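Enquirer: Sequence below, structure please.
(one chain, ligands or ions: 2)
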Amino acid sequence: MSDEKIKNETGVAGTTETEAAKAESKDRETEPIIRIRDLCFEYTDKKSRFGALDHIDLDVEKGEFVCILGASGCGKSTLLNVLAGLYKPGSGKVLVNGKKITGPGPDRAVVFQHYSLFPWLTCKGNVLFGLKSGKGKHKYSGKERKEKAMEYLKNVNLEQAADKYPDQLSGGMKQRVAVARALALESDILLMDEPFGAIDPRLRLELQELISALSVEKQKTVIFVTHDIDEAILLADRIVVMEPAKIRSVEEISFPHPRKRADLIRNGEYEKLRLKLTSAFYDQLQDSIGGEVVL
Ligand SMILES: Nc1ncnc2c1ncn2[C@@H]1O[C@H](COP(=O)(O)OP(=O)(O)OP(=O)(O)O)[C@@H](O)[C@H]1O
Ligand SMILES: [Mg+2]
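Expert: Ligands and ions are numbered 1, 2, ... in the order given. Predicted coordinates:
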């Protein structure tokens with residue numbers, strides 16, 4: 001859809017009020033849940049400017065699982081922080097449900113790259129925080145919220161750790177609580193920044209399969225940042241490969257959900273896809289460091 005269409009959909013010039021309302025409601029049905037157009041973002045200080053995102057265009061459909069794959073420093077976290085409403089776009093448009101993002105909101109839950117639990121709250125307290133500040137705020141009574149918090153902790157196999165504080169947990173456990181807290185917000189959109197980066201491979205696979213199953217069951221739209229190709233193939237409907245500040249390519253992944261790694265590796269298409277993505281990933285590394293990457 002062109003920028004012109006976006007203008008018309010917001011009810012500007014040339015339409016009566018009723019036509020504009022009709023167009024807007026029709027638009028809501030067809031509009032992607034996330035629309036990014038010509039997004040640029042610069043980090044600036046008194047002495048310097050650094051362009052971290054350069055003319056990014058991306059649409060994400062409701063219920064889609066999109067992985068953002070790219071080497072360190074290419075702008076993945078910056079893009080996610082713009083979507084979270086924590087960074088203001090320098091130029092361009094970022095729309096969620098057709099509306100311009102003006103800051104963080106209950107429609108978007110975030111799991112950050114580094115643990116971000118409240119150290120003064122127990123696991124259950126951290127998850128309850130999500131329920132008190134997200135959609136559950138008006139939906140559930142106090143008793144229901146406590147039951148829901150336990151249900152979300154159970155989703156990530158942590159109900160036994162409900163009364164522990166974050167500093168009594170391993171890295172993997174902390175990250176599972178962060179996932180439970182994000183789910184407890186009951187937001188339509190889940191933004192996850194390398195959430196399993198610091199987790200050992202066995203638990204990581206468990207969590208990947210868990211998030212894949214939960215995203216289908218709870219009908220979430222997920223933007224998941226990673227630099228792990230296998231993780232991206234396991235989870236994504238689409239993989240967006242980034243190079244510094246730009247989108248290099250977009251790959252559709254059509255394996256049915258929920259996926260199991262053991263099933264995927266037996267599928268001939270998996271290896272082909274892996275090779276294609278590995279080559280896109282390392283080509284961009286090679287371009288950015290100006291030399292050959294030895295695998
Ligand atoms: N606060 C900041 N001030 C200036 N430059 C920054 C700042 N934060 C990030 N950058 C730069 O912006 C670029 C993109 O950073 P970003 O954190 O988005 O990368 P990333 O793809 O998430 O990397 P990683 O995989 O290591 O987390 C990098 O070159 C980084 O050095
Ligand atoms: Mg990052």
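
Enquirer: measure residue 184 to residue 191 for me?
Expert: When Cβ to Cβ, to the nearest Å is the yardstick, residue 184 and residue 191 sit 15 Å from each other. For glycine as for every other residue, the C-beta is placed from the backbone atoms N, C-alpha and C.

Enquirer: contacts for stretch 42-52?
Expert: If you take Cβ atoms under 8 Å, 6 or more residues apart in numbering as the criterion, stretch 42-52 is touched by 40, 41, 75, 78, 90, 245.

Enquirer: Can you say which of these are buried?
Expert: By the neighbour-count criterion of 16 or more other Cβ atoms under 10 Å, the contacts of stretch 42-52 include these buried positions: 41, 75, 78, 90, 245.

Enquirer: Make sure the second one is actually in contact with residue 245.
Expert: Yes: with contact taken as Cβ atoms under 8 Å, residue 75 and residue 245 are classed as touching, separated by 5.2 Å.

Enquirer: Quick check: neighbours shared by these two?
Expert: Taking Cβ under 8 Å, 6+ apart as the contact criterion, the residues that touch both residue 75 and residue 245 are 52, 53.

Enquirer: ok, residue 187 touching residue 134?
Expert: Yes: with contact defined as Cβ under 8 Å, residue 187 reaches residue 134; the gap is 6.2 Å.

Enquirer: Return the backbone torsion pair for residue 81.
Expert: Note on residue 81: backbone dihedrals following degrees, to the nearest 10 are phi -70, psi -30.

Enquirer: just the one 10 residues further on next, same as before
Expert: Summarising the backbone geometry of residue 91 under the convention degrees, to the nearest 10, its torsions are phi -150, psi 170.

Enquirer: Identify the residues contacting the spatially closest residue to it that is not a sequence neighbour.
Expert: Closest residue to residue 91 in three dimensions, ignoring its sequence neighbours and counting by Cβ to Cβ, 6 or more residues apart in numbering: residue 40, at 4.7 Å. Neighbour list for residue 40: 51, 53, 54, 55, 56, 89, 90, 91, 92 [criterion: Cβ under 8 Å, 6+ apart].

Enquirer: Count the neighbours of the third one for me.
Expert: To tie it back to what came earlier, the one meant is residue 54. 17 (other Cβ atoms under 10 Å).

Enquirer: Specify the local secondary structure of it.
Expert: State at residue 54, reduced to three classes by DSSP: H, G, I helix; E, B strand; the rest coil: strand.

Enquirer: Buried ones only from the contacts of residue 40, please, as a PyMOL command.
Expert: In PyMOL, selecting the buried portion of the contacts of residue 40, with burial taken from 16+ other Cβ under 10 Å, looks like this:
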select buried, resi 51+53+54+56+89+90+92
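
Enquirer: Wait, a strand at residue 40?
Expert: Yes: Residue 40 sits within a strand when classified using three-state DSSP.

Enquirer: can you give me the strands for this protein?
Expert: When assigned using DSSP state E, the strands of the chain occupy the ranges 34-44, 49-60, 65-69, 91-96, 99-100, 108-111, 189-193, 221-226, 238-243, 246-252.

Enquirer: Serialize the ones you listed to JSON lines and add fields for mean pLDDT and distance to residue 264.
Expert: What follows is the strands of the chain, written out as JSON lines (pLDDT from 0 to 100; distance: least, Cβ to Cβ, whole Å):
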{"stretch": "strand 34-44", "mean pLDDT": "96", "distance to residue 264": "26"}
{"stretch": "strand 49-60", "mean pLDDT": "96", "distance to residue 264": "23"}
{"stretch": "strand 65-69", "mean pLDDT": "96", "distance to residue 264": "14"}
{"stretch": "strand 91-96", "mean pLDDT": "96", "distance to residue 264": "31"}
{"stretch": "strand 99-100", "mean pLDDT": "94", "distance to residue 264": "37"}
{"stretch": "strand 108-111", "mean pLDDT": "92", "distance to residue 264": "23"}
{"stretch": "strand 189-193", "mean pLDDT": "95", "distance to residue 264": "20"}
{"stretch": "strand 221-226", "mean pLDDT": "96", "distance to residue 264": "16"}
{"stretch": "strand 238-243", "mean pLDDT": "95", "distance to residue 264": "14"}
{"stretch": "strand 246-252", "mean pLDDT": "94", "distance to residue 264": "15"}
